[in-house]
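Trainee: From the sequence below, what's the structure:
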Amino acid sequence: MRSSDLEGSLRRFVKDDRILVKCAINVLESEDDAAARAASDAVDARPSVPSSDLHQQFGELLRSQKGADITFIVAGESIPAHRSVLAARSSVFMAELFGDMKEKASPCVEIKDIEVEVFRAMLHFVYTDTVPELDQKDEQATLMAQHLLEAADRYGLERLNVDTVATTLALAEQHGCSELKSKCMKFIVACAENFDAVAATEGYKYLEASCPSVLTELVKHMVKGRQAPRFDLNSSTW
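Mentor: Numbers count the residues shown, from 1 in each chain. Purely as a prediction, here's the structure:
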């Protein structure tokens, strides 16, 4: 058909002897499909929630010393901190800083019988819930790990015991510290809860990779310890 064959207003729809037809198509969907699409759209429109960086924020609070309301004197060095953070994480600090003890009203508290680097490492854990990395090849790391366990006992930080005991066990094995190794193993196998908690730590992964023979010893101790009284690391003398 040519445009000359069309009359009047119809010719405006013809171009190059072709007719252009424009139409709209409506697609009907079921109620179930509509509900599913609406739910999907709602999920897509939901704002994303960033991952928590609370431990980093508290770590920065410790580093910046902003708002610090207490100062610890350790081996002659001043270490500012925040009473509320310490009390929230440690029942011992709670009693010392908010109980009837003399430290409650004092802006400065002297800490004895603990090395300054150990105290700093313990505060790092209190604020960030993470343990500072220890150089596994350094014999001094064994002493640091042992002192951290002592600090954990002293201030009632059970999580610090759990998080460091596997690393301490590996260090004790590598550097021939038999007494420290024995105490670590007793803590780990004292009960299934202890073992499960320790097995979930990064230190346990290191223990598996570096000292697999120790895992065999742990299993043997676990079997023998089922009938033994529960071992409490807090009651041990280091």
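Trainee: Check the gap between Asp113 and Gly203 for me.
Mentor: 25 Å (Cβ to Cβ, to the nearest Å). Just so you know, the C-beta spots here come from the backbone N, C-alpha and C atoms, and that holds for glycine as well.
Trainee: try Ala192
Mentor: 18 Å.
Trainee: Please apply the same query to Ala172.
Mentor: On the measure of Cβ to Cβ, Ala172 and Gly203 end up 12 Å apart.
Trainee: picking up where we left off before, the more surrounded of Asp113 and Gly203?
Mentor: Neighbours per residue, other Cβ atoms under 10 Å: of Asp113 and Gly203, the larger number sits with Gly203, 24 against 6.
Trainee: helices or strands up against the strand or helix carrying that one?
Mentor: Using DSSP states H and E, Gly203 maps to helix 202-210. Applying 3 or more Cβ pairs under 8 Å, 6 or more residues apart in numbering; DSSP states H and E, one finds that helix 202-210 contacts helix 158-174, helix 212-224.
Trainee: Would you map the helices across this structure?
Mentor: 31-45, 54-64, 83-89, 91-98, 116-128, 139-154, 158-174, 178-189, 192-199, 202-210, 212-224 (DSSP state H).
Trainee: and the fourth one, which residues are buried?
Mentor: Meaning helix 91-98. Under the neighbour-count criterion of 16 or more other Cβ atoms under 10 Å, helix 91-98 has 92-94, 96-97 buried.
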